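Undergrad: Structure of the sequence below:
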Amino acid sequence: MANPLIGIFRVKELRERILFTVAMLVVFRIGAVFPIPGINVRELSAYFLSQANSGNPIVDYLDFFAGGAFSNFSVFMLGIMPYISMSIIMQLLLIVFPSLKKISQEDGGRKKIQTWQRYGTVVVCLIQSFAVTQYAQSISRSVENLLNIGIVPFTLIAMLTVTTGTMFLMWVGEQITKRGIGNGISLLIFAGIVARLPQAVWELVGLVRSGDLNLVFVVVVLVMFVAVVALVVFEQQGQRKIPVNYAKRVVGRKMFGAQNTYIPFKINPSGVIPVIFASSILTFPLQIASTIGGNVAWLARVAQILSPRGSLYNVLYILLIIFFAYFYTQVSLNPIEIAKQIRENGGSIPGIRTERIEEYLTKILNRIVLPGSLYLALIAVIPTFIQYAFKFPSSISYLMGGTSLLILVGVDLDTMSQIEGLLKMHHHEGLTRRGRLRGRNL
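TA: From the prediction side, this is the model:
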């Protein structure tokens, strides 16, 4: 009776939310298998099987985060990444254009911004889906009978199908957030990564049996993986508390006594957002360059230079992570707004003058963000290190660190914290006996 897992399914609301979330994720995984109309599935599978040993690292990277949907040429082959890319573009536009930010702060302005963001997602999907059709045409030159229909009808059907699939996934994510448990968009990315786990483990066992991988290296990497997971959890949960004292004040006929509280600044305030933003920004041009590269020489050169295993890609990756860590922290935790709220409520920070609160909070945030962003960057480049140092295949190394590991841990903590909150709301024990889970909405 005291088992929290049993308590989860005893609460009707929580049970319905979990079952709805599972049903939506099943729909997502089924759609990742259905191919685009006009594709010969047998010829496509034979082509990728023949390219297994000398595969395209960019295609492997895109396929990994799509949960295998990219290599299947399924209706969900673009996944939810076009929506995330458009979200980044919209966030940047709100910073660059003050008029857009003013619109977002008006009544109903947020819905208007979200509508524009959906329209922008359609445009991004059309661009990426056209690149996919060009990639399919480049494969068809070396594989006979890959396309069952003509090039022009296939291009139109594929663009329409893939765009519709991404927009449907966006709707599924919103429904999970509204009627399920956890953040829907994050869970879709989470499900795509987890779907690759069984195949990666089976591949790892096969490589050890065949002698292609040293068992000692495998043990070392697994120990490293456990240590990195522990560090990620520690970093996600850690926070810096800024004490704030509020003086006595009179509101109407009531007097409110002095109150001592604190502002919790996370060690990594932006969470896994910088990694997702950085990978999305690099994935968008990479996908276009790699898929159309067969027809355009200079795009093929760009795809080769920006290979996920190359040094230039990893340098840009690190710089973008640091940039988005600072950018997103300034958007979500604005020291000027926080200081304004403290002063308006009669609060003060011990040892800091009232007029210097903004300067103090900015100094604290800068001290926190820099090591946090460097830590994220270190985690993000672990897969590349494992591939070069231990000769692990990409399907396994991507799971040992980087974006995938941060997403797995972050989404897991966030979902567990929501489950725990619903359990306690219905007067049940939480998932943990000691402390309280602190999740982070991705």
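Undergrad: which residues does residue 15 contact?
TA: 8-9 (C-beta atoms under 8 Å, 6 or more residues apart in numbering). Backbone N, C-alpha and C define where each C-beta goes, glycine included.
Undergrad: element containing it?
TA: Using DSSP states H and E, residue 15 falls within helix 12-31.
Undergrad: for that helix, the distance to its chain's centre please.
TA: The chain centre lies 20 Å from the centre of helix 12-31; the measure is C-alpha atoms, centre = their mean, to the nearest Å.
Undergrad: go on, stretch 190-197?
TA: 12 Å.
Undergrad: quick one, strands of the stretch 301-442 of the chain?
TA: With DSSP state E, counting those that start in this stretch applied, the stretch 301-442 of the chain shows strands at 347-348, listed in chain order.
Undergrad: Which parts of it are helices?
TA: 311-332, 335-344, 357-380, 382-390, 394-397, 402-425 (DSSP state H, counting those that start in this stretch).
Undergrad: out of those, deepest packed?
TA: helix 394-397 (a mean of 22; mean count of other C-beta atoms under 10 Å).
Undergrad: ok so, going back, what's the angle between the helix holding residue 15 and helix 402-425?
TA: Here helix 12-31 points in a direction 150 degrees away from that of helix 402-425 (axes from the mean of the first three to the mean of the last three C-alpha atoms, to 10 degrees).
Undergrad: Helix 12-31: which residues count as buried?
TA: For helix 12-31, burial by neighbour count (16 or more other C-beta atoms under 10 Å) applies to 14, 17-18, 20-21, 24-25, 28-29, 31.
Undergrad: mind saving the C-alpha coords of that helix as CSV?
TA: The C-alpha trace of helix 12-31 is given here as CSV (Å, rounded to 0.1, in the frame of the first residue of the first chain):
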residue,chain,number,x,y,z
LYS,A,12,-7.8,8.5,-11.1
GLU,A,13,-6.6,11.8,-12.5
LEU,A,14,-2.9,10.7,-12.5
ARG,A,15,-3.8,7.3,-14.0
GLU,A,16,-5.8,8.9,-16.8
ARG,A,17,-3.0,11.4,-17.5
ILE,A,18,-0.3,8.7,-17.7
LEU,A,19,-2.4,6.4,-19.9
PHE,A,20,-3.2,9.3,-22.3
THR,A,21,0.5,10.2,-22.5
VAL,A,22,1.5,6.5,-23.2
ALA,A,23,-1.2,6.3,-25.9
MET,A,24,0.1,9.5,-27.6
LEU,A,25,3.7,8.2,-27.5
VAL,A,26,2.5,4.9,-29.0
VAL,A,27,0.9,6.9,-31.9
PHE,A,28,4.2,8.7,-32.3
ARG,A,29,6.2,5.5,-32.5
ILE,A,30,3.8,3.9,-35.0
GLY,A,31,4.0,7.0,-37.2
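Undergrad: Tell me which helix or strand comes right after it.
TA: By DSSP H and E, the next helix or strand past helix 12-31 is helix 41-50.
Undergrad: for that following helix, which positions count as buried?
TA: Buried residues in helix 41-50 (16+ other C-beta under 10 Å): 43-44, 47-48.
Undergrad: Can you check the pLDDT for the spatially most central residue of the chain?
TA: Closest to where the C-alpha atoms of the chain average out (C-alpha atoms, centre = their mean) is residue 276, at 4.4 Å. On pLDDT, residue 276 comes in at 75.
Undergrad: Repeat that for residue 249.
TA: With respect to pLDDT, residue 249 has a value of 63.
Undergrad: give the contact list for residue 419.
TA: 8, 14, 18, 181, 431.
Undergrad: Leaving aside the residues adjacent along the chain, what's closest to the third one?
TA: Put plainly, it is residue 18. residue 181 (5.6 Å; C-beta to C-beta, 6 or more residues apart in numbering).
Undergrad: Looks to me like that neighbour is in a strand.
TA: No - per DSSP: H, G, I helix; E, B strand; the rest coil, residue 181 lies outside any strand segment and is coil.
Undergrad: Residue 420 is in contact with that one, correct?
TA: No - the criterion here is C-beta atoms under 8 Å, and residue 181 misses it with residue 420 at 11.0 Å.
Undergrad: out of everything not next to it in sequence, what's closest to residue 117?
TA: residue 90 (4.9 Å).
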